[in-house]
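Undergrad: using only what follows, build the 3D model:
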Amino acid sequence: MQQNLVRSMPFSAYELSVLNSSESREKLLVDEIRDREPMRFIDLPLRNDAFENLEILTSPYMSDEKKKELDKFVRSYVPHAEIKESKLRVRW
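TA: Coordinates of the predicted model:
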């Protein structure tokens, strides 16, 4: 079965290449996230069956309140979607 992934990151490919080549990438990363203008929406053309096997992986830093909001939103549109919590523990 072919698996299609949509990843959301607040950086373009160019910005990621600059971040990855920098000695102070952690500081640049935090500054980029903090100073970024919020996006109102992302418009993606999708096939009708795009959400049949939807799996959402949440961030280790996502609050319980935001997880409840996400669950409520997803259940209203894609009741069979699977929402998983990341097991990744990030250290800075």
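
Undergrad: who are the packing partners of the helix or strand hosting Ile33?
TA: Ile33 belongs to helix 25-35 when assigned by DSSP states H and E. Counting contacts by 3 or more Cβ pairs under 8 Å, 6 or more residues apart in numbering; DSSP states H and E, helix 25-35 packs against helix 13-21. In this view, the C-beta of every residue, glycine as well, is placed from N, C-alpha and C.

Undergrad: so for the helix it packs on, mean pLDDT?
TA: What helix 13-21 shows for mean pLDDT is 75.

Undergrad: report all helices and strands that it contacts.
TA: On a contact count with 3+ Cβ pairs under 8 Å, 6+ apart, helix 13-21 meets helix 25-35.

Undergrad: tell me what angle the helix it packs on forms with helix 13-21.
TA: Helix 25-35 runs at 140 degrees relative to helix 13-21, counting by axes from the mean of the first three to the mean of the last three Cα atoms, to 10 degrees.

Undergrad: who does whatever helix or strand comes next after helix 25-35 pair up with?
TA: Following helix 25-35 in sequence order, the next helix or strand is strand 55-58 (DSSP H and E). The pairing partners recorded for strand 55-58 under DSSP bridges are strand 82-85 (parallel).

Undergrad: contacts for the partner strand?
TA: Residues outside strand 82-85 that contact it (Cβ atoms under 8 Å, 6 or more residues apart in numbering): 54-58, 60, 62, 67, 70-71, 74.

Undergrad: got it, and stretch 60-77?
TA: 51, 54, 56, 58, 81, 83, 85-90.

Undergrad: using a markdown table, please lay out these together with pLDDT.
TA: A markdown table is the format used below for these (pLDDT from 0 to 100):
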| residue | pLDDT |
| --- | --- |
| Phe51 | 87 |
| Leu54 | 91 |
| Ile56 | 93 |
| Thr58 | 91 |
| Ala81 | 94 |
| Ile83 | 95 |
| Glu85 | 90 |
| Ser86 | 87 |
| Lys87 | 85 |
| Leu88 | 78 |
| Arg89 | 76 |
| Val90 | 68 |
